[in-house]
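# sequence and predicted model, in that order:
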Amino acid sequence: MVTSEQRRRQLAREKYERQTERRAQAAKKRKQRNAITGGVLALVVVAGVTAAATGVFSSDGKKDSGAQAAPTAAVTPVKGCSAPAAGQPNGKQWQTEPAMSIDAKATYTATLDTSCGKITVQLDAAKAPHTVNSFAFLSGEQYFDHTKCHRLTTEGIYVLQCGDPQGTGMGSPGYKFADENLTGATYPAGTLAMANSGPGTNGSQFFLVYKDTQLPPSYTPFGKITGGMDVLQNIAAGGVQGGGGDGAPVANVALNAVTIAKG
């Protein structure tokens, strides 16, 4: 028997799916229009956060002007957070997925040094080797440094989305790669998973789950938070700018640096 709380969550997810689908369609139309007129850079629908089987975490940002959005220097009102480190995302681009350079049998730990504190994650190279390889490659290229965690969801789905150098939900490293580790995938609190706009559209954007979340098995889980869960939950507790359950976090959270350690 479905409880009222379960029904409420279901309705919230369905509403979220409809909203993000409309956003994806609008972005697609803008891309087509821009390609025809040639007046501005074409919009690229890439890995972002949504709540639908066709892209629960898909792009939904504003039109891309071609400029990179750097974290602002303003002090956030969220206790425990500070102004992001000075600097801007490097916005590097590559045409193809990086060659495999990790050892799928080894253990890797990622440290996300955020403006709200450090979060450590044990990466699952055995089950998601291409994903971990890409994440390690981008980290080594300082691709994530000075990028915003641009989206927080606090209703129905409980995640913080990061990894976009543009800070709009529309940025990518220029390449895409296939999904992994989807069979039986679940998203309990502490999960690190890839954002996407559909099958095989992984890029640089990822999300951190701060509370057990029900999602279709469409987003590659590739790590588990081992430290700093309180940091993530503090960011979530700060809420969304302007209220509501989906948008930029009140905490002006940015990734000052992301590093990977083997062993």
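Alright, I've got the coordinates.

# list the buried residues of stretch 254-263.
Under the neighbour-count criterion of 16 or more other CB atoms under 10 Å, stretch 254-263 has Ala254, Leu255, Asn256, Ala257, Val258, Ile260 buried. In this view, the C-beta of every residue, glycine as well, is placed from N, C-alpha and C.

# didn't Ile119 look like it was pressed against Ile225?
Yes: using CB atoms under 8 Å, Ile119 is in contact with Ile225, at 6.2 Å.

# and for these two, which residues touch both?
Residues touching both Ile119 and Ile225 by CB atoms under 8 Å, 6 or more residues apart in numbering: Leu208, Leu232.

# which one of the two is surrounded by more residues?
Set Ile119 next to Ile225 and count neighbours by other CB atoms under 10 Å: Ile119 wins out with 25 against 21.

# packing partners for the strand or helix carrying that one?
Taking DSSP states H and E as the criterion, the element that holds Ile119 is strand 117-123. On a contact count with 3 or more CB pairs under 8 Å, 6 or more residues apart in numbering; DSSP states H and E, strand 117-123 meets strand 108-114, helix 129-140, strand 221-227, helix 229-237.

# could you dump these to a markdown table with mean pLDDT and distance to Ser204?
Output for the helices and strands packed on strand 117-123, formatted as a markdown table (pLDDT from 0 to 100; distance: least, CB to CB, whole Å):
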| stretch | mean pLDDT | distance to Ser204 |
| --- | --- | --- |
| strand 108-114 | 98 | 13 |
| helix 129-140 | 98 | 6 |
| strand 221-227 | 98 | 13 |
| helix 229-237 | 98 | 19 |
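
# to Phe177, which of those lies closest?
helix 129-140 (5.5 Å; CB to CB).

# isn't Ala236 up against Cys149?
No: with contact defined as CB under 8 Å, Ala236 does not reach Cys149; the gap is 10.8 Å.

# okay, and the common contacts of those two?
Listed contacts common to Ala236 and Cys149 are Leu160, Pro249; contacts here mean CB under 8 Å, 6+ apart.

# what's the mean pLDDT across the strand holding Ile119?
Averaging pLDDT along strand 117-123 yields 98.

# pLDDT at Gln32, what is it?
On pLDDT, Gln32 comes in at 37.

# that older thread, quick one: closest of the helices and strands packed on strand 117-123 to Tyr158.
Nearest to Tyr158, of all these, is helix 229-237, at 6.9 Å by CB to CB.

# give me the contact list for the closest one.
Applying CB under 8 Å, 6+ apart, the external contacts of helix 229-237 come out as 78-81, 114, 116-119, 149, 152, 154, 158, 160, 189-190, 208, 210-211, 225, 249, 251, 253.

# would you list the buried entries among the residues you listed?
Here, 16+ other CB under 10 Å leaves 78, 81, 114, 116-117, 119, 149, 152, 154, 158, 160, 189-190, 208, 210, 225, 249, 251, 253 buried among these.

# let me know how buried Ala178 is, in neighbour terms.
12.

# and it, what does it touch?
Going by CB under 8 Å, 6+ apart, Ala178 touches His130, Gly200, Asn202.

# try it again with 7 Å
Contact analysis of Ala178 by CB atoms under 7 Å, 6 or more residues apart in numbering lists His130, Gly200.

# against Asp103, how distant is it?
Noted for Ala178: a distance of 20 Å to Asp103, by CB to CB, to the nearest Å.
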